[in-house]
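> Got a predicted model here, sequence first, then my questions.
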Amino acid sequence: MSARREVRPSDSPFVERVTRVTYDAAVRELSTPDGTWDLVVLEREGRTLVLQTGLITRPVELENDAGDAYLAISFKPGVFLAKQPGVKTVDRGIVQPIVSPRAFSMDGETLEIPTFDNAEDLVARLARRGLLARDELVADAARGDVRAIGTRTLQRHFVHALGITPKQLAQIQRACRAVELLERGVAPAAVAIEMGYSDQPHMTRALKALVGRTPGQIRAR
């Protein structure tokens, strides 16, 4: 095994999940769109890096060496940093200054570098200080609870909070669900039907664009 990966849910209303990965060997892998943005603590060659990674819309190849590790706090759709909303960060990473071995700076606040076990403490502090915001229209729509609101208005809220449109988020979420089914061994034709693709070639094109792999490559892993 080249990496040890732990993922846990969160009881925070802002957090989708918390992930910790430690690499035991050099690894080249794809980070793929999942509809969330992250705060990431990266440990590499004895150095700590804290960065905000905006929601991604295409696969991104990452290289890690043995001994590297990272912690990722993934936020729910509709949650965003008030001064760095999704419209400013989509497909980007913003490095936050390190001010001491245990602290970093964000928007003038000095904050403790989180761990896998206390990530929610940082999130709660960001919320108390008004650095973290939530667009309820986007949060509800992402859960399928669509209010009586104009399409353009909803799209404007999505682009501000996430940096993408409702249609783009739906495409990402559908691709993620298709990958889950393929990894469980469900036949591609059945997955294409269940997930509402027009046919299997349509699903193949969509997965290649969003996750960088074909259904056959996903099933072969």
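Great, that's in hand.
> ok, Q173 to G196 distance?
Going from Q173 to G196 by CB to CB, to the nearest Å gives 12 Å. (Glycine included, C-beta is placed from N, CA and C.)
> More neighbours: those two, which one.
Neighbour count, other CB atoms under 10 Å: between Q173 and G196, Q173 has more, with 16 against 11.
> List the strands paired with the longest strand belonging to the chain, with their directions.
Longest strand in the chain, counting residues (DSSP state E): strand 15-23. With DSSP bridges as the test, strand 15-23 is paired with strand 3-8 (antiparallel), strand 69-75 (antiparallel).
> Pull the distance from the following helix or strand past the longest one to the chain's centre.
Tracing the chain past strand 69-75, the next element assigned as helix or strand by DSSP states H and E is strand 79-81. The offset between the C-alpha centroid of strand 79-81 and the centroid of the whole chain comes to 12 Å, using CA atoms, centre = their mean, to the nearest Å.
> If you count neighbours, what's buried in the helix or strand just after strand 79-81?
Where DSSP H and E defines the elements, the next helix or strand beyond strand 79-81 is helix 86-89. Of the residues in helix 86-89, G86, V87, T89 count as buried by neighbour count, 16 or more other CB atoms under 10 Å.
> The first one: what's it in contact with?
In this case it means G86. G86 makes contact with W37, G54, L55, F80, V159, H160, A161, L162, G163, I164, according to CB atoms under 8 Å, 6 or more residues apart in numbering.
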